[in-house]
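**Student:** Build the 3D model from these lines:
(chains A, B, C and D)
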2 protein chains.
Amino acid sequence: MQKEITIYDLARVLNLSPATISRGLRKSSVINQKTIQRILDKAEEMGYRHNNFASNLRNKRTKTLGIIVPRLNSYFMTSVVAGMEDVASKEGYNLIISQSLEKKELEKSNANTMFNKRIDGLLISLAYTTTDIAHLQPFFEKQIPVVFFDRSFPGVESVSVTIDNRQAAYKATTHLIEQGCKKIMHLTGNLNRDIYENRLKGYKQALLEHAIPFNEGLVQTSTLNEQDGVNTAKTILAMNPADRPDAVFCANDISAVHCMVHLKQQGISIPEDIAFVGFNNDAVSRMVEPNLTTIDYPGHKIGEVAVSCLLHLLNGDERVKNTDQIIIHSSLLVRGSSLKKRCNERLLLL
Amino acid sequence: MQKEITIYDLARVLNLSPATISRGLRKSSVINQKTIQRILDKAEEMGYRHNNFASNLRNKRTKTLGIIVPRLNSYFMTSVVAGMEDVASKEGYNLIISQSLEKKELEKSNANTMFNKRIDGLLISLAYTTTDIAHLQPFFEKQIPVVFFDRSFPGVESVSVTIDNRQAAYKATTHLIEQGCKKIMHLTGNLNRDIYENRLKGYKQALLEHAIPFNEGLVQTSTLNEQDGVNTAKTILAMNPADRPDAVFCANDISAVHCMVHLKQQGISIPEDIAFVGFNNDAVSRMVEPNLTTIDYPGHKIGEVAVSCLLHLLNGDERVKNTDQIIIHSSLLVRGSSLKKRCNERLLLL
DNA sequence: TTGTATGCGTTATCAC
DNA sequence: GTGATAACGCATACAA
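**Tutor:** Numbering: from 1, shown residues only, chains lettered A, B, ... in the order given. Alright, predicted model coming up:
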């Protein structure tokens, strides 16, 4: 490891003071333009590299944002992170990412680690099993801004970036009803999380408005993974054929797809026997046959907005500070899995 | 932002010197056990947090590893990163991740950024369009260790962690031949990358050993995305039915699945008309019907090994320094998409 | 086993 | 416009 060039080296070579070099490198308007250029050129020439550690030590900032997600294994989540990366890196911020694997304990220890690493701000989507946010207290106490995305905590005094889950579920369910479905099963996630609770509300509301009685037995709660989709299919198959639902609205695409595939293998026709709507517009929704009707959940956008919101908070923007929720637009993508009636797909997309 | 507790604060309160505190916090064996305990207790009590910036500035290390991947949108890649995270965090290292989006220019600028952030080591999987590794020169010059994974550069003086792509492709192709296929199409990625070149070699070798002439027209090169899979399907459909291949071996699962699905929609039977083998054991391989036969590419393991290898290099381990390649075991997972002959799947898995 | 003194590279404050 | 200097928090060489 040869020696690194520092501002002192530049200062010596250019016959200037370290202070001037420091200012020049940051293109301070207080310095002569020509001097700045000389400094920049010489820095380039000598292979100078800015030392973030010295700078951060001095500035008491880390220029690092922490992200805690339940799992990094879905197209949705990687899109969110990609969106965050875009905005953060543009502003010179680094990201550190960790997974809670849906476990409260892991979420807690990850939050702690990040706190100790002195992240400037936290972006978090809560685990299934998280029932309170005491583990975020250190952040609140030190006034380190926290932004929730996707899964937030009701009544928390932070900003949350999400979609209108209730309305999305309402749209999805209404669409199924309009296709003639009367017995719509709803496969959802842990109702601890407000997003699933809101989806359930939207589902109920659609039923109510169309005078379809709500049947608790048609709501299944699970972790929405591959196996859960298969299990739901098995539940349906175990029913008396006359009692089976004529549609299933799943709170994610993965479970919907696996449920569909399993039913198809057992001779059920999709959408004729049972129509399907998923949630997320995951890549898999375009892989099954028929393609899965789903809610387009714009992950990249969510990530962008969450970070830019966090940066506003870091800069003390009062408008953002007084915001509770930021709602990103989502839409229903109608595809084959829910089209009982023949109709023009294009029209439905509008 | 209230004041942070430093070792000076602890020193004052405990009537010790900052040096002793510093040593005590790191449990230096040179310090009295009781003193260490007193220090640790008081640190806990006062809410002391270690300052990495001061420490790194002093130590001239960042305890950060850089990762550059083409894209973070596949199950394979997220598994790799998860594996890296596991090993790195255990050793107190942070990761910073960036995507090249398969573009040489972006890879270059990302490498530059990481160089300037002074990462202690680099983990990289090359972009399609990367034809040389001049942009990694600064790392080599400064003796910052670089480990390639998945896609490496032939003849480079660094370690690369990968599977035996040639052998995997050989196994896949041989399996298809054993199923009675005689006209096997191969859909592959950019042959700039050695992994695709090696897969092609394995494919050719299998043909050769079974006296099947190699037909250049049956090899298609693309970026292996959804659309490329569909395009290949269209190419096949446009052929005279008598000339169509009886099998397709794809260099990833995504393209294989989309190709399959499109063909099925046009009335082609899988595997009866055309058998399929993919590559990666992506989650989607278990979503299509019939399930896709594929090569299990153990991403998590690759990530683990790559990081632990990098850490060995950082610690000056000579054995690793003199290693060129680390080959991780992969295996063929036989599933429905390639089973023309009825047989016991269990047996084939062995 | 503990203490003293110094430097790591940058930036902010104040002075010129 | 530019310079001198102190401070950020930690870790080590050297001293005791």
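**Student:** In the stretch 101-250 of chain A, what residue lies closest to DNA strand C?
**Tutor:** Here the stretch 101-250 of chain A gets closest to DNA strand C at one residue, residue A:120, 15.0 Å apart by CB to the nearest atom of the strand. Where you see a C-beta, it was placed from the backbone N, CA and C, and this is true even at glycine.
**Student:** Surely that residue and residue A:313 touch.
**Tutor:** No. Using CB atoms under 8 Å, residue A:120 makes no contact with residue A:313, being 9.8 Å away.
**Student:** So for these two, which sits in the more crowded spot?
**Tutor:** residue A:313 (22 against 19; other CB atoms under 10 Å in any protein chain shown).
**Student:** how about the more buried one, phi and psi?
**Tutor:** phi -60, psi -40 (degrees, to the nearest 10).
**Student:** mind listing what the closest residue to it other than its chain neighbours touches?
**Tutor:** Closest residue to residue A:313 apart from its sequence neighbours, by CB to CB, 6 or more residues apart in numbering or on different chains: residue A:145 at 3.8 Å. Residues near residue A:145 by CB atoms under 8 Å, 6 or more residues apart in numbering or on different chains: A:121, A:122, A:139, A:158, A:310, A:313, A:314.
**Student:** Neighbours of the residue lying closest to residue A:133 once chain neighbours are set aside, how many?
**Tutor:** In space, and not counting its chain neighbours, residue A:133 is closest to residue A:153: 5.2 Å by CB to CB, 6+ apart. For residue A:153, the neighbour count with other CB under 10 Å is 20.
**Student:** ok, the contacts of residue A:145 vs residue B:282, which is closest?
**Tutor:** The shortest approach to residue B:282 among the contacts of residue A:145 belongs to residue A:122, at 31.3 Å (CB to CB).
**Student:** by contact count, what packs against the strand or helix carrying that closest one?
**Tutor:** Per DSSP states H and E, residue A:122 falls inside strand A:121-124. If contacts are counted by 3 or more CB pairs under 8 Å, 6 or more residues apart in numbering or on different chains; DSSP states H and E, strand A:121-124 sits against strand A:64-69, helix A:104-116, strand A:146-149, helix A:299-314.
**Student:** try it again with 10 Å
**Tutor:** Judged by 3 or more CB pairs under 10 Å, 6 or more residues apart in numbering or on different chains; DSSP states H and E, strand A:121-124 is in contact with strand A:64-69, helix A:75-90, helix A:104-116, helix A:137-141, strand A:146-149, helix A:299-314.
**Student:** Looking at those, which is nearest to residue A:31?
**Tutor:** Proximity to residue A:31 (CB to CB) singles out helix A:75-90 among the helices and strands packed on strand A:121-124, at 25.1 Å.
**Student:** The closest one and chain B, any residue contact?
**Tutor:** Yes. Counting by CB under 10 Å from any CB of the partner chain, chain B is contacted by helix A:75-90 at A:75, A:77, A:78, A:79, A:81, A:82, A:85, A:86, A:89.
**Student:** Quick one, which of those are buried?
**Tutor:** Taking 16 or more other CB atoms under 10 Å in any protein chain shown as the criterion, what is buried in these is A:75, A:77, A:78, A:79, A:81, A:82, A:85, A:89.
**Student:** Mind pulling the model confidence for the first one?
**Tutor:** Yep, that's residue A:75 we're talking about. Here the pLDDT value assigned to residue A:75 is 81.
**Student:** Contact residues of the stretch 1-150 of chain A facing DNA strand C?
**Tutor:** Applying CB under 7 Å from any atom of the strand, one finds that the stretch 1-150 of chain A approaches DNA strand C through A:4, A:6-8, A:18-19, A:22, A:25-26, A:48-51, A:54-55, A:57-59.
**Student:** Buried subset of those residues as a PyMOL selection?
**Tutor:** Command for PyMOL that selects the buried part of those, burial taken from 16+ other CB under 10 Å:
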select buried, chain A and resi 6+7+22+25+48+49+51+57
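**Student:** Also within reach of DNA strand D: list those from the residues of the stretch 1-150 of chain A next to DNA strand C.
**Tutor:** Okay, of these touching DNA strand D (CB under 7 Å from any atom of the strand), that's A:18, A:19, A:54, A:57, A:58.
**Student:** which of those lies closest to residue A:187?
**Tutor:** Of those, the one sitting nearest to residue A:187 (CB to CB) turns out to be residue A:57, at 51.2 Å.
**Student:** follow-up on the earlier one: mutual contacts of residue A:120 and residue A:313, please.
**Tutor:** Counting by CB atoms under 10 Å, 6 or more residues apart in numbering or on different chains, the contacts common to residue A:120 and residue A:313 are A:144, A:145.
**Student:** residue in the stretch 101-250 of chain A nearest to DNA strand D?
**Tutor:** residue A:118 (10.1 Å).
**Student:** For the nearest residue to that residue once chain neighbours are set aside, list the residues it contacts.
**Tutor:** Nearest non-adjacent residue to residue A:118, counting by CB to CB, 6+ apart: residue A:62, 5.0 Å away. Residue A:62 is in contact with A:52-53, A:56, A:93-94, A:96, A:117-121, B:51-53, counting by CB under 10 Å, 6+ apart.
**Student:** and what of residue A:206?
**Tutor:** Counting by CB under 10 Å, 6+ apart, residue A:206 makes contact with A:169-178, A:184, A:212, A:249.
**Student:** quick check, nearest of the residues you listed to residue B:224?
**Tutor:** Using CB to CB, these come closest to residue B:224 at residue A:172, 32.5 Å.
**Student:** which stretch of helix or strand covers that closest one?
**Tutor:** Counting by DSSP H and E, the element that carries residue A:172 is helix A:165-178.
**Student:** care to break chain A down by domain?
**Tutor:** When chain A is parsed with automatic domain parsing, its domains come out as A:7-46, A:62-163+A:299-329, A:165-298+A:333-349.
**Student:** what residues are up against the spatially closest residue to residue A:265 that is not a sequence neighbour?
**Tutor:** In space, and not counting its chain neighbours, residue A:265 is closest to residue B:289: 7.1 Å by CB to CB, 6+ apart. Residue B:289 is in contact with A:261, A:264, A:265, A:288, A:289, B:260, B:261, B:264, B:270, B:336, B:337, counting by CB under 10 Å, 6+ apart.
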